[in-house]
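Visitor: need a structure here:
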Amino acid sequence: MSTTVPGDQGIIEELELGLTGMTCGACAARIEKHLNEIDGVEAAVNYATESAMVAFSPSRMGAEQLVAAVREIGYDARVMDDEPYDDGLDERLAALRLRLTVAAVFSVPVVVLSMVPGAQFTNWQWWAGALSMPVVTWAAWPFHRVAALNARHRTATMDTLISVGVIAATVWSIWALVWGDATHMTMDGMAGMMHSDGSHVYFEVGATVTAFILAGRYLETKAKHSAGDALRALLALGARHATVLRDGVEVSIPASVVRVDDIVVVRPGEKIAVDGTVEDGASSVDVSMITGESVPADVSRGDSVTAATVNLNGRLLVRATRVGSETTFARMARLVREAQATKAPVQRVADRVSAVFVPVVFAISFLTLVFGLSAGRQTDAAFSAAVAVLIIACPGALGLATPTALMVGSGRAAQMGIVIKGIDVLQSTRRIDTVVLDKTGTVTTGEMTLVDVVCIEGVRREDALSLVGAVEKGSEHPIARAIARAAEAELGALPALDEFLAMPGAGATGRVGTTIVTIGREEVFRERLVVVPGVLKQALNAAREQGHTAVIAAWDGQARAMFAVADQPKPTSAAAIADLKVMGLAPVLLTGDNVGTARAIAVQVGMDTDEHHLYAGVMPEDKVAVVRDLQERGYAVAMVGDGVNDAAALAQADVGIARGGGTDVAMQASDLTIVSGDLRLVVDAIRLSRATLRTIKANVFWAFAYNVAAIPLAAAGMMNPMWAGLAMASSSVFVVTNSLRLRRVRLSR
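Guide: Alright, predicted model coming up:
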């Protein structure tokens, strides 16, 4: 994936590198440090996703040079794009499985011979040594190979610790067996069994440590891959090919080469390859992969459609407005990838610790051996403690703590239609206590709807709708469109409109057959000396009290009907407001509408209507001032909006949440984006962000606590190297599986 953006020093290109060969957080830290030492390059390496986000100046550096820089320190790299890629998982798992199987088969008899006195016989040590050789050489070869490669570059990683520990245990055992007295056996008269009273051998340590770590790495690899399933599923949703009309002929081409204004033919069952507008046709479109909504959306001429959604039945002709990397789907995938590459402050500390951890562990291991011998401890015991320190001190869990949790959390969010921009957002959501909601398009549908028709005695509702709907169909005003839509939905075809005259700011008049119909505010009829009957005046007042907008319709010289329209709350808004309150968050309504309309909407969705929770008549440029005022009064504010006029307030808020159906400016200014208009996604976004942050903290605490507690125990000789290997392998598996629990966080939808 590559994008180009303007920077302080000219054009800056950003790309993602896929990395192979990393085995721990120290590897990731080493690659990151090496890339950042290159002039004009900024890189962030993610061990869990095995990738690096790199920003560089193309005038100084090319992608090939970045790949070469990674390879020169012993790792491999490739430039990634938005296409699905083969990460070699199956081959890696098969190789690990084979080595693990060999290690397990040969380690079991070695452990039995070494740990069960009843199974021991004269010269059993030779058998244990022979059985352990395939394990400590061939099965452990990946560790030895990486350790040798690291040594050549004068560095060390987790594999170095493992390799040195296994080699030390094996070499010591061979020395004791060949040149020492390891095979000396005596009979225990009371037990009636032979036992060794010579130098102890550690063949079981080299074998079992290798088996345990291979098992841990196998499980870790599978778990890490599962953690990234959501992102891979997201990337796989995009259409690979598109059918376009070229000179009237349908031509199938790669989706990546479709141009803006191309007419794309989408047959039933096909994925839509572009963001665009329906030029012809009608159909239902499955939008669940983008918005999380299970109900298909009906579209027809003039409606917008989004890339990666699926056309279910009718044939559509779509004019492309956004293609390739500019589609909503591509931008969503890019934001998720970028978010997964970010690091929490605590993870940056863990990375620095991992980078210096291995040399420190070698020093501790050496001191353990020296002090053990100087304190009079037996050579076997001192050596065992030193090896245990080498084996148990693994920085792998530290390197996995943040990225795996962020990968699972952001991937889960993406599947639901929530895009989290980065780790800093998670930190901010923890403090939020107030949620400011822009009314139009966020709490409400943003579209006027006919809610009431009141007619004088002797006038049927159907007749009023027919005449007024026919006239209003000729107008582009939102109130007119609402009445016309309702009339067509209820009556079907409307009478023909013969004449039409708009009265800007007042209403409209038109002729339907021989009948002249006028629609407008009450003032229009007062000026024309048309009497408005009491029943219509009462209906007007009642509508205004409810926050509705009302107009009068007159024909044949008399006011005969009142039409009330309103921007109605979304069906899910009340449930979302209730959930926010349950979470201890205070919802605040912000709108440019009058107080009456704002209060009516607030009451319908269950919000408080006092001056601290309702801000009405707010001009677009004043929205940021409202957010700033709340912050100055000590509140931590999340702002939810969708328009250009919300962008400044979104940026000012502690957490900005943009609705994906809104403008690009709003989405750029926000920290979170909810792709659909369902307000419950705001609740889910905050809940999932908080759960992800809790998981990150738990992972980092466990990774640090494990090493803080385990290394002193190993140095004190209280932990057998074999169990040290099991504990080390388990720590990384625990961190990854703990992150996978985020898949089961209970959400609103």
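Visitor: Relative to Y75, how far out is the residue nearest the centre of the chain?
Guide: Computing the C-alpha centroid of the chain and ranking residues by C-alpha atoms, centre = their mean puts S410 first, at 1.9 Å. Distance of S410 to Y75, given as C-beta to C-beta, to the nearest Å: 25 Å. Every residue, glycine included, has its C-beta placed from N, CA and C.
Visitor: who's in contact with R430?
Guide: 690, 693 (C-beta atoms under 8 Å, 6 or more residues apart in numbering).
Visitor: My error: substitute R71 in the last question.
Guide: A77.
Visitor: re earlier: can you check what pLDDT the model gives the residue nearest to the centre of the chain?
Guide: With respect to pLDDT, S410 has a value of 77.
Visitor: buried sites along stretch 606-622?
Guide: By 16 or more other C-beta atoms under 10 Å, the buried positions in stretch 606-622 come out as 606-609, 614-616, 618, 622.
Visitor: Stretch 152-169 too?
Guide: Result for stretch 152-169 [16+ other C-beta under 10 Å]: buried residues 155-169.
Visitor: where does the stretch 351-500 of the chain dip in pLDDT?
Guide: Across the stretch 351-500 of the chain, the ranges flagged by pLDDT under 70 are 351-355, 394-400, 422-424.
Visitor: how about a cut-off of 90?
Guide: 351-366, 369, 372-373, 375-432, 438-449, 451, 473-482, 489-490, 492-493, 499-500 (pLDDT under 90).
Visitor: What ranges does it have for its strands?
Guide: Ranges of strands within the stretch 351-500 of the chain are 418-420, 434-438, 444-455, 499-503, based on DSSP state E, counting those that start in this stretch.
Visitor: same deal with the stretch 51-200 of the chain?
Guide: Under DSSP E, counting those that start in this stretch, the stretch 51-200 of the chain gives strands at 51-56, 76-79, 185-188, 193-196.
Visitor: for the last one, what is the average pLDDT?
Guide: Taken as a whole, strand 193-196 has a mean pLDDT of 47.
Visitor: angle of the strand or helix carrying A543 against strand 444-455?
Guide: Using DSSP states H and E, A543 maps to helix 534-545. Here helix 534-545 runs at an angle of 170 degrees relative to strand 444-455 (axes from the mean of the first three to the mean of the last three C-alpha atoms, to 10 degrees).
Visitor: starting at the chain centroid, how far to helix 534-545?
Guide: Relative to the centre of its chain, helix 534-545 is centred 50 Å away, using C-alpha atoms, centre = their mean, to the nearest Å.
Visitor: And stretch 35-46, by the same measure?
Guide: 24 Å.
Visitor: Straight-line length of that stretch, end to end?
Guide: Stretch 35-46 has an end-to-end distance of 13 Å (C-alpha to C-alpha, to the nearest Å).
Visitor: quick one on the thing from earlier: remind me what the helix holding A543 packs against, helices and strands.
Guide: strand 444-455, strand 549-555, strand 558-569, helix 595-605 (3 or more C-beta pairs under 8 Å, 6 or more residues apart in numbering; DSSP states H and E).
Visitor: ok, the residue lying closest to A307 once chain neighbours are set aside - contacts?
Guide: Computed as C-beta to C-beta, 6 or more residues apart in numbering, the closest residue to A307 that is not its neighbour in sequence is T327, at 3.9 Å. Neighbour list for T327: 274-275, 306-308 [criterion: C-beta under 8 Å, 6+ apart].
Visitor: same deal with V310?
Guide: Applying C-beta under 8 Å, 6+ apart, the residues near V310 are 269-272, 285-286, 289.
Visitor: Give me the pLDDT value at it.
Guide: On the pLDDT scale, V310 gets 87.
Visitor: cool, and the one 5 residues further on?
Guide: R315 is assigned 89 on the pLDDT scale.
Visitor: Could you check how far it is from A638?
Guide: Counting by C-beta to C-beta, the gap from R315 to A638 is 43 Å.
Visitor: Kindly give the local confidence score, pLDDT, for the closest residue to D452 other than its chain neighbours.
Guide: Excluding its sequence neighbours, the residue lying closest to D452 (C-beta to C-beta, 6+ apart) is A564, at 4.1 Å. A564 carries a pLDDT value of 91.
Visitor: Could you do the one 4 residues further on as well?
Guide: At Q568, the pLDDT value in this model is 83.
Visitor: swap in V745?
Guide: So V745 comes in at 78 (pLDDT).
Visitor: Renumber starting at 554 from here on
Guide: Okay, residue one is now 554; in that scheme the one you just asked about reads as V1298.
Visitor: Can you list the low-confidence ranges for the stretch 704-853 of the chain?
Guide: 704-719, 721-795, 799-811, 821-824, 826, 834-853.
Visitor: now with 80?
Guide: In the prediction, the stretch 704-853 of the chain carries residues with pLDDT under 80 at positions 706-711, 714, 733-755, 762, 766, 769-770, 772-792, 840-850.
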